[in-house]
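Visitor: Here is my input; please provide its structure:
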Amino acid sequence: MPSHSFVNRAKSPAVALETTILVHGLPKDSALETAALFESDIANAGANAALIGVVSGVPTVGMNRQELETLINADTVAKLNTANLGYAMHKGLHGATTVSTTVELAERAGIRVFATGGIGGVHTGYDKRPDISADLGALARHRVAVVTSGCKNILDLAATRELLESLGVPVIGYQTDVFPAFYQRETDLPVDARFDDAKELADYLSFELTRNARGVVVANPIPATSEIPQQEWEEWLSKARSLPSVMESKGRDATPAVLAEVHRLSDGRTIEANIALARSNATVAGLIAANM
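Guide: Numbers count the residues shown, from 1 in each chain. Sure thing, here's the model as predicted:
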């Protein structure tokens, strides 16, 4: 039977968190601990974490520990974007939310700030086969500020930055003048504006999210101590892309397959960096939410 339920346990001021990074992006034995770290970082900044996922077809904002364990330990958990969210709800399936579904459900729950690792974007080879993450379209439709360390640098960063501008989505740098590249702090891609103070940024976001029916990207570079040198990253990525497990992956499975192999080739350094940048984003999002 279709499920039309919606659970909202968010406590204001709230910061939304996705479940894909926990369910699909990390080893199972570290997911619960990492979730607790995100929640602690947000609490220390003065806000409340609201983990979002779909449990047995029910979109749940403010998941409890038991519900998170259900997703982590389930045999099959769909990776949900805005295209397959309704199907998962209709069929009563478990689902981990990506950026696109998290912003949709966060807005429905009245949450205006969301912390993630990196947003999706335009895939390389776009000129031969268009492949654009649903994240970008969702940002153009939902009034949520997304704190991110740029877009995953297996993507076409320049094309992603250009498309955000075309969609009218502001890209705001927090203590940076450039759009970061996930594991790297610097690129040659500018932001639309810079704020160095979280309270001033929160004031702007309160205005902008009321003014427009669109989201805002808040670019927060990976901490300098956790940055991975570009050359090392490119070597791991090149090796990963030549592996059968990656070459045979298509659609929604492509990005997770690449990242899984890079994590292995780097002996876990990319996982550590991923957690570090996501925690930094959780802290910044908490500061923003506390001041909105």
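Visitor: show me where the protein has helices.
Guide: With DSSP state H as the criterion, the chain has helices at 20-23, 28-44, 65-73, 85-91, 99-108, 134-139, 157-166, 198-211, 230-241, 244-247, 254-265, 269-290.
Visitor: Can you convert these into TSV and add a column each for mean pLDDT and distance to Thr116?
Guide: To be clear about C-beta, it is placed using only N, CA and C from the backbone, and glycine gets the same treatment. Output for those, formatted as TSV (pLDDT from 0 to 100; distance: least, Cβ to Cβ, whole Å):
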stretch	mean pLDDT	distance to Thr116
helix 20-23	94	7
helix 28-44	95	10
helix 65-73	96	16
helix 85-91	96	17
helix 99-108	98	6
helix 134-139	96	9
helix 157-166	96	14
helix 198-211	98	16
helix 230-241	88	19
helix 244-247	78	23
helix 254-265	80	14
helix 269-290	96	7
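Visitor: what's the most buried one of these?
Guide: helix 99-108 (a mean of 26; mean count of other Cβ atoms under 10 Å).
Visitor: what about dumping the CA coordinates of that helix to CSV?
Guide: The C-alpha coordinates for helix 99-108 follow below in CSV (Å, rounded to 0.1, in the frame of the first residue of the first chain):
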residue,chain,number,x,y,z
VAL,A,99,21.2,16.4,-1.6
SER,A,100,18.2,16.8,-3.9
THR,A,101,15.8,14.8,-1.7
THR,A,102,17.2,16.3,1.5
VAL,A,103,16.5,19.8,0.4
GLU,A,104,13.0,18.9,-0.7
LEU,A,105,12.1,17.2,2.6
ALA,A,106,13.9,19.8,4.7
GLU,A,107,11.9,22.6,3.1
ARG,A,108,8.7,20.7,3.7
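Visitor: By residue count, tell me the biggest strand in this protein.
Guide: In the chain, assigned by DSSP state E, the strand with the most residues is strand 48-55.
Visitor: for that strand, packing partners?
Guide: strand 14-17, helix 28-44, strand 58-61, helix 65-73, helix 85-91, strand 95-97, helix 99-108 (3 or more Cβ pairs under 8 Å, 6 or more residues apart in numbering; DSSP states H and E).
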